[in-house]
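J.: prediction below, plus the sequence it came from.
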Amino acid sequence: MLAKSIKGKSTAAIKTSLEQCLSDGFTPTLAICFISKSQDRVAICNLLDEKNMQVFGCTTNGEFIDEEPQKGSAAILLLDMKKENFQIYYEEYPEKNYRQVAKGIAEKAKKKFAQPAFLIGISNAAADGEEVLRGIEEVCGQEVNAFGGAAGDDYAFTETFVFTNQKDSDSAIICLVLDESKVKVEGIATCGWKAVGTEKVVTKSEGNHVYTVDNIPVLDLTAKYGGIENANPENNNLLIDIAANFPLQLQRDKGDPIMRPGLVVDWDDRSYYTSGSVPQGSKVRFSLPPDFDVMDKVVKGVQQLKETTMQEADALVVFSCAGRILSLGPLMSQELEGVKKVWNVPMAGMFSNAELGRATGGNLEMHNLTTCCVALKEK
């Protein structure tokens, strides 16, 4: 399979790059598109549609095809994969029945391919990515290969979109389903954040609303461990500081811990809402602010994936949490460069609101502050 990646900050720039890509006889069948809401994604999709490409698309908090992250642009991975080796499914979930919709897609995919793998995009900040994964697992089993991310909106956190040919919605799931008997799919989800302190018990929570840890309001405990002096409504930087630097690490019986940053504070009881569920009675640890080791762990994890299960790849797709670039800033380019060098193949990626994938040594999860890398190779 031949792959090429292009990027641009206007529809005209994408059109020019696309024409250059096709000038040597390259005939892609599939376009994986990560496009800022500030761009005309409908016009860009029409360009690809006119060239008989099927589109898998998400809006973003930033996008990249190399080590230089962009904002307000479009990053597109073009693949000439055989059409019989993949299928795109797109379904809306206006009733918020995420698990049921995902299960329906998985049933269709299972009928088409004996061994399907899933690349997933979800829109709407309230969408429950864990329910999407459970729906797919219910049909395809717990060992299914499934990776993806939640669409972004340039950090506005108001309205996100997924899209495909002639379809676009702020409440939908898009799945690129691959026939694993014809396309090898391997991925890894890792964050690199170091834990600090002893394990603590979540003494009161409901879903993703965490009230107390060790019977202390979770905001107060977070402020204590993070050395945050102004944990009050007047501190405009508080939420970014908590989410990017001091997330909870939800401990799992199997595999690496899962990041659960606090995103919204309830000042009445100093509780907060996290990015995903934190069951009452579960164990958590706090995190240290990120350093160079965070990037090294991600790159080493991808290198290990190459050495152990995916010696060669045709293309690479990356979902990296928007919180990582907030925390790492310009250093993010070093991580992207390190990841790209592992296989040195065309890449496209986005900064997402959440990441979907299998925790190292663990189960399928919805992640935050995590980088999810997916390598593809047509057999």
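T.: Nice, I can see it.

J.: before we move on, what SS does Leu219 have?
T.: Assigned by DSSP: H, G, I helix; E, B strand; the rest coil, the conformation of Leu219 is helix.

J.: quick one: residues contacting it.
T.: Ala231, Ile242, Gly262, Val265, Arg270, Ser271, Tyr272 (Cβ atoms under 8 Å, 6 or more residues apart in numbering). (Each C-beta comes from the backbone N, C-alpha and C, glycine too.)

J.: likewise Cys21?
T.: Contacts of Cys21 by Cβ under 8 Å, 6+ apart are Lys4, Ile6, Pro28, Leu78.

J.: out of the residues you listed, who's nearest Ser327?
T.: Distance to Ser327, by Cβ to Cβ, is smallest for Ile6 among those, at 28.4 Å.

J.: quick one: residues contacting the closest one.
T.: Ile14, Ser17, Leu18, Cys21, Ile65, Ala75, Ile76, Leu78.

J.: in helices only, show me those.
T.: Ile14, Ser17, Leu18, Cys21 (DSSP state H).

J.: for these, pick the one with the most neighbours.
T.: In terms of neighbours by other Cβ atoms under 10 Å, these top out with Ile14 at 25 neighbours.

J.: domain parsing for this protein?
T.: 3-190+293-378, 195-287 (automatic domain parsing).

J.: deepest-packed of those domains, please.
T.: Stretch with highest mean neighbour count among the domains of the chain: domain 3-190+293-378 (a mean of 20; mean count of other Cβ atoms under 10 Å).

J.: still on that earlier bit, which of the contacts of Cys21 fall within strands?
T.: Residues of those located in strands (DSSP state E): Lys4, Ile6, Leu78.

J.: what is the nearest of the residues you listed to Gly197?
T.: Taking the ones in strands among the contacts of Cys21 together and measuring to Gly197 by Cβ to Cβ, the closest member is Ile6, at 45.6 Å.

J.: what pLDDT does the closest one get?
T.: Predicted confidence (pLDDT) at Ile6: the value is 98.

J.: pairing partners for it in the sheet, please.
T.: Ile76 (DSSP bridges).

J.: got it, and Glu63?
T.: Beta-bridge partners, per DSSP bridges, of Glu63: Gln70, Met350.

J.: just checking, it touches Leu336?
T.: No. Glu63 is beyond contact range of Leu336, at 11.2 Å (criterion: Cβ atoms under 8 Å).

J.: coming back round to it: can you redo the contacts of Leu219 as JSON lines with pLDDT and distance to Arg252?
T.: Listed next are these as JSON lines, based on pLDDT from 0 to 100; distance: Cβ to Cβ, whole Å:
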{"residue": "Ala231", "pLDDT": "93", "distance to Arg252": "28"}
{"residue": "Ile242", "pLDDT": "86", "distance to Arg252": "22"}
{"residue": "Gly262", "pLDDT": "88", "distance to Arg252": "19"}
{"residue": "Val265", "pLDDT": "92", "distance to Arg252": "26"}
{"residue": "Arg270", "pLDDT": "97", "distance to Arg252": "26"}
{"residue": "Ser271", "pLDDT": "96", "distance to Arg252": "23"}
{"residue": "Tyr272", "pLDDT": "93", "distance to Arg252": "21"}
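
J.: nothing else from me, thank you.
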